[in-house]
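In: With the input below, show me the fold.
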Amino acid sequence: MLRSLLVFGAIIVGLRYSLKDPFYALLFYLWFAYFRPQEWLWSDFLSSLAPSMLVGILALVGTVLRGRFSVSGAGWFLLLFLLHGFVSVLASTVPGSAWPYWVDFAKVCVMGLLMLSLITTEWHLRTTMLTIAASLGFEGAKQGLVEFVRHPGASNMNPWPMLGDNNGVAVGMLMLTAITIALSRTATNVWERRTAGVMAFGVLYRGLSTYSRGGFLASAVLLMHFLMRARRRVVAMLAAAVAAVIIVNVLPDAFWERMDTIPSVGATRETDDQSILGRLHFWSVAADMAADRPLTGVGLNAYNFVYDNYDTSHGAFGRGRSVHSSWFGILAELGYPGILLFIGLCVGALLTTLGVRRRARRDPRLTTLADLAAGLEGALLVFLVGGAFVPMQYNEMAWHVIVLCFVTGRVAARISARPPADPPVPVPAAAAPARAVPPRVAARVPLARRSGR
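Out: Residues are numbered from 1 along each chain as shown. Now for the predicted structure:
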């Protein structure tokens, strides 16, 4: 009952602000997309209403009616990628199976275009990142901190509605760690900084507790990025060392035994981990699909449906298997044009955040924005590395991060275009007013002296 009251209270507040400004409707949508209140409630009433779609439509209509919807720069490449996905569905041998996934991805792209249109200030960007972090990190940090206290070192293989299985959860939580660290760095008061720091630790531990090898590799990238982008590297190194000592001491031998199988990719087939052998086979099948249909691939998210037609192992690794890689997934499903577009978007996003940080060296007004850009850059790097081992190529969070990286460049351009505030001009002290001479004194002064003679 209490959960229902909290959720419906939040919905009432969200609707009220959404009608005032489409940006708040965007935040309201992100809350639904990341927090999933319908999954948090004990009843299915909210799920039957499709709240995310309704709020998304509200945000889109409000943006269009107010004349704030625009497509430029990265938005055109996003639409081109979506259009190519549509062509791949039409050319697929299983268009009926691929079509629903294209529709879902089209919704992701529309919300990405709304982000590019509505997020125009540093405050907009940070509030958006804060909404994502709070919505997804509420449950993630709670699970991580509770498990750390109650069952330190135990594995948590629970799936997540937005992220998928344990491998997807690992990548998503580590991406969220990078975003939360950026929020901590840009916090304006102590309690906000400490809250963000505790949340970062919670979601980091939640990601590692999945025992995902791809997540473990992504965490190494996150650590290096955290140290490289820190303004106070000594403090960052101390914080990283403390977190590492705490987490490493509670992880059992079972965790490290699983991580020890990572270097075995080049070993003999007799000693290789079967899941690694399976991934290598699935990637080989993906390459065969791309070679067979180089321009359009087998169809957006259609790998599983056509896997059996390309399986050279004749079912040794099962039927209808997943590609287990975002990179090979796009290659197989969208062909070579699709993978080139995807690489171009990712490289463009990284170059944009790099440009923002370089601008900040010359313009102090961009310091906070540079920290936010560094957090998004770290989240994207985590996805690019961790996503190599999990099929997250159409995941909403991953595409939001890509879009927000481009947003940082647009916000930086707006800030730099404004003339810098003029420094205050010192006002000279006013001359002291002449002191009036008392009449008695003036009477004693000779007239010649009073006239200056």
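In: mind listing what the spatially most central residue of the chain touches?
Out: Within the chain, one residue has its C-alpha closest to the average C-alpha position: by CA atoms, centre = their mean, that is residue 401, at 3.7 Å. Residue 401 sits next to 175, 349, 376, 379, 380, 383 when contact means CB atoms under 8 Å, 6 or more residues apart in numbering. Bear in mind the C-beta positions are built from the backbone N, C-alpha and C, glycine included.
In: check which helix or strand covers the second one.
Out: Using DSSP states H and E, residue 349 maps to helix 326-362.
In: tell me which residues in that helix are buried?
Out: Buried residues in helix 326-362, counted by 16 or more other CB atoms under 10 Å: 326-339, 341-342, 345-346, 348-350, 352-353, 356-357, 359-360.
In: what's the distance between the residue nearest to the centre of the chain and residue 36?
Out: Separation of residue 401 from residue 36 (CB to CB, to the nearest Å): 18 Å.
In: What of residue 133?
Out: Looking at residue 133 against residue 36, where the rule is CB to CB, the gap reads 15 Å.
In: of those two, who's got more company?
Out: Here residue 133 and residue 36 are compared on neighbour count by other CB atoms under 10 Å; more neighbours surround residue 133, at 26 against 20.
In: any idea which element that one lies in?
Out: Counting by DSSP H and E, the element that carries residue 133 is helix 122-150.
In: I figured residue 281 hits residue 313, correct?
Out: Yes: in this structure, residue 281 sits in contact with residue 313. The criterion is CB atoms under 8 Å, and the distance is 6.0 Å.
In: Mind checking which of the two has more residues around it?
Out: Looking at residue 281 and residue 313 with other CB under 10 Å, you find the greater number of neighbours at residue 281, namely 17 against 14.
In: Doesn't the more buried one belong to a helix?
Out: Yes: with DSSP: H, G, I helix; E, B strand; the rest coil as the criterion, residue 281 is assigned to a helix.
In: In contact with it, which residues?
Out: Under the criterion of CB under 8 Å, 6+ apart, the contact list for residue 281 reads 313, 316, 317.
In: just curious, which of the residues you listed is nearest to residue 229?
Out: Comparing the contacts of residue 281 against residue 229 with CB to CB places residue 317 closest, at 39.6 Å.
In: what about the closest one, how many residues close to it?
Out: Look at residue 317: counted by other CB under 10 Å, it has 17 neighbours.
In: Just list the residues touching it, thanks.
Out: By CB under 8 Å, 6+ apart, residue 317 lies in contact with 277, 278, 281, 282, 311.
In: where does it fall, helix, sheet strand or coil?
Out: Using three-state DSSP, the secondary structure recorded for residue 317 is coil.
In: By mean pLDDT, which helix or strand of the chain comes out lowest?
Out: Scoring the helices and strands of the chain by mean pLDDT, DSSP states H and E places helix 447-450 at the bottom, with a mean of 46.
In: per-domain residue ranges of this structure.
Out: Here the chain is described, according to automatic domain parsing, as comprising the domains 1-68, 76-417.
In: rank these by pLDDT, which is bottom?
Out: Considering those one by one, the lowest average pLDDT is found for domain 1-68, at a mean of 85.
In: how far out from the middle of the chain is that one?
Out: Once both centres are worked out by CA atoms, centre = their mean, to the nearest Å, domain 1-68 turns out to sit 20 Å from its chain's centre.
In: measure residue 339 to residue 176 for me?
Out: Counting by CB to CB, the gap from residue 339 to residue 176 is 26 Å.
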